[in-house]
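Enquirer: Sequence first, then the predicted structure, then my questions.
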Amino acid sequence: MERRVRVRFAPSPTGPLHIGGVRTALYNYLFARQHGGDLVFRIEDTDSNRFVPGAEDYIIESFRWLGIKFDEGVSFGGEYGPYRQSERRDIYKKYVKVLLDSGKAYMAFDTPEELDAKRAEIENFQYDASTRMSMRNSLSMPEAEVAALLESGHQYVVRFKVEPGEKVVVNDLIRGVVTIDSSILDDKVLYKSADELPTYHLANIVDDHLMEISHVIRGEEWLPSAPLHVLLYRAFGWEETMPRFAHLSLLLKPEGNGKLSKRDGDRLGFPVFPLEWHDPKSGAVSSGFRESDYLPEAVINFLALLGWNPGDDSELMSMDELIAKFDLSKCSKAGARFDYKKMIWFNHEYIIRKPDADIARIFMPVVESHGISTTLEYLEKIVSLMKGRVNFVHELWDACSFYFVAPVEYDEKTAKKRWKEDSAKKMEELACLLESLDDFSIENQDKAVHEWIESKGYGMGEIMNAFRLALVGEGKGPQMFDISGLIGKEETLSRLRRAISVLG
RNA sequence: GGCGCUUUCGUCUAGUGGCUAGGACACAUGCCUCUCACGCAUGGAACACGGGUUCGAUUCCCGUAGGCGCUACCA
């Protein structure tokens, strides 16, 4: 019988959400949607020392911006709560006891200092079947001594008793069968009496079981501990409903060795976090995709293709298309370098595809920040002419500021090349001609000027280039009448006459 | 060090026991053109290495090398 698909994204609230985490969440989302299942948002805050205030809200806001929607979990409600692990202490305690009672786990009283000493003393020390009897735990010590320690309030941890010499098989949806020998596993700490919280491994298994998670889609860094998780499901007798695993490859630096880090972004000029992050402790600010002017659709599309492909040549895909095409078995096994130049290209493509009115709305604050007040209608016309030329909306300002501000000086090189001896005379003629036009529409200007150029035998290039220099101040921009037509007759003539007087 | 995962153009990747090894980004050149862009066209560019298996391996197997991850009372 087919189980309902239920997947989860379970970050630790220790800081801003890394872009690799965003991709993991995206794949979970696509998978859930495609199968008509649920996506659960769980907070794994079992390490009280690493808790960072604000991180949880940051993560939620990030997904809201990106358009990744959760069906249940922290802040979303649901029947399987609480979804914050720090609020599930009693549940974990109960399951720790189950393991203890069945002899699958034991209590260990070794202090961190004692363990450090052991590691210093013995090279590659591992707490496992070969060493546990020489340590201080409920297996090696007399019952009375253990009871006395507990009685006197000694802190302890609960360790999983791994039986050596067993081949543990993990059947991964992306990597196939992965087998490891249980002898190399150590007796992992499952629970700490000090803060009455479990560690990741125990909490993870208990929650996934209780929340009826059907598929665990997570990063490759978890692959080495997957066998331990299988053993835990077995110890609890939950093997029948154990979720299917899929371990995703990691995101690597654009160049050089290692996995993608914040430093790479700083160095090469791209964000690695969805939103800007203000570190509450250091006060440091890290840039985000949102504040850096990336469109969320572009980020999603780019990320989806980093480590997965639809099997055909499609590249530009909406969220719905991604949902329809996503396939875990088509995820690549090797790590993917973060190709930020391609991400910029995606942004360019999404700007082109987005309606002019939407881009105009995003552009408005940029224009206003330069002290300009204008209308959305005017911006929309400019955007339709200019948006194909930029990678980011804010770049529109540099590309088209002449629509709002008259040139104060004229680019020297362009002036030398485009403003000839007789340019002033010809521009004066042009100014007179334009002044005489009652209909200043783009079409009418185009018609009148062409007729004039033809009748005088002038060159198209010499006229238009000088005209451009006068209105723009340099040699760039769209078709000339798309400029003069929009800035209007009065402004056009004023710029023309100023150029004539300044350039001579 | 140990264990695991992994390896196709610079990058993201498709693909097959026999193909001119495909696409995209980036790069170069050309075209378009009133400029700058956009766009379009064209081009260079890859099966890590060594052994097998096979009539034939980029593809299957083994090894080597490189890369990545894990090896906490972190996740």
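Expert: Here it is on my side, so go on.

Enquirer: What parts of the stretch 351-500 of chain A come near RNA strand B?
Expert: Applying Cβ under 7 Å from any atom of the strand, we find that the stretch 351-500 of chain A lies next to RNA strand B at A:352, A:388-389, A:460-461, A:464-465, A:467-468, A:475-481. To be clear about C-beta, it is placed using only N, CA and C from the backbone, and glycine gets the same treatment.

Enquirer: Counting neighbours, which of those residues comes out on top?
Expert: When neighbours are counted as other Cβ atoms under 10 Å, the busiest of those turns out to be residue A:467, with 26 neighbours.

Enquirer: Closest one of the residues of the stretch 351-500 of chain A next to RNA strand B to residue A:166?
Expert: The nearest member of these to residue A:166, counting by Cβ to Cβ, is residue A:352 at 57.1 Å.

Enquirer: Excluding chain neighbours, give the residue nearest to the closest one in space.
Expert: If you skip the residues right next to it in sequence, residue A:352 has residue A:388 as its closest partner in space, 5.4 Å away by Cβ to Cβ, 6 or more residues apart in numbering.

Enquirer: out of the residues of the stretch 351-500 of chain A next to RNA strand B, which one sits closest to residue A:78?
Expert: Residue A:78 lies nearest to residue A:352 out of these, by Cβ to Cβ, at 39.4 Å.

Enquirer: Would you check that that closest one makes contact with residue A:389?
Expert: No: here residue A:352 does not reach residue A:389: they are 9.7 Å apart, not a contact under Cβ atoms under 8 Å.

Enquirer: which bits of the stretch 151-300 of chain A sit near RNA strand B?
Expert: Taking Cβ under 7 Å from any atom of the strand as the contact definition, the stretch 151-300 of chain A meets RNA strand B at A:155, A:157, A:175-176, A:178-181, A:184, A:186, A:189, A:192, A:194, A:197, A:199-200, A:220-225, A:249-250, A:252, A:254, A:257-259.

Enquirer: From these, which land in strands?
Expert: With strands identified by DSSP state E, the entries of these that belong to them are A:157, A:176, A:178, A:179, A:180, A:181, A:189, A:192, A:197, A:252.

Enquirer: Drop anything exposed from the residues you listed.
Expert: Buried subset of these (neighbour count, 16 or more other Cβ atoms under 10 Å): A:157, A:178, A:180, A:189, A:192, A:197, A:252.

Enquirer: Residue A:270 reaches residue A:343, doesn't it?
Expert: Yes: applying Cβ under 8 Å, one finds residue A:270 in contact with residue A:343, separated by 7.1 Å.

Enquirer: neighbour-wise, which of these two wins?
Expert: Set side by side, residue A:270 and residue A:343 show unequal neighbour counts under other Cβ under 10 Å, the larger going to residue A:343 at 23 against 19.

Enquirer: got any ranges where chain A has weak pLDDT?
Expert: Residues of chain A that meet the criterion pLDDT under 70 lie in A:1.

Enquirer: tell me the domain boundaries of it?
Expert: Each domain of chain A is listed here as a residue range: A:88-248, A:262-353, A:354-393, A:406-503, per automatic domain parsing.

Enquirer: Show me the one of those that comes nearest residue A:70.
Expert: Using Cβ to Cβ as the criterion, the shortest distance between residue A:70 and the domains of chain A is 12.7 Å, found for domain A:88-248.

Enquirer: Show me which positions of stretch A:383-395 end up buried.
Expert: A:383, A:384, A:385, A:386, A:387, A:389, A:390, A:391, A:392, A:393, A:395.

Enquirer: Endpoint to endpoint, that stretch covers what distance?
Expert: End-to-end distance for stretch A:383-395: 11 Å, by Cα to Cα, to the nearest Å.

Enquirer: and residue A:192, bridged to which residues?
Expert: On the basis of DSSP bridges, residue A:192 takes part in beta bridges with residue A:157, residue A:197.

Enquirer: buried sites along stretch A:414-431?
Expert: Within stretch A:414-431, the residues that qualify as buried by neighbour count (16+ other Cβ under 10 Å) are A:414, A:415, A:418, A:419, A:423, A:424, A:426, A:427, A:430, A:431.

Enquirer: swap in stretch A:428-446?
Expert: Neighbour counts over stretch A:428-446 (16+ other Cβ under 10 Å) mark A:430, A:431, A:434, A:440, A:445, A:446 as buried.

Enquirer: Check stretch A:89-105 too.
Expert: Using 16+ other Cβ under 10 Å as the burial criterion, the residues of stretch A:89-105 that qualify are A:91, A:92, A:95, A:96, A:99, A:100, A:104, A:105.

Enquirer: burial count for the closest residue to residue A:135 other than its chain neighbours?
Expert: Counting by Cβ to Cβ, 6+ apart, residue A:135 lies nearest to residue A:110, which is 5.4 Å off, once chain neighbours are set aside. As a burial measure, residue A:110 scores 17 neighbours (other Cβ under 10 Å).
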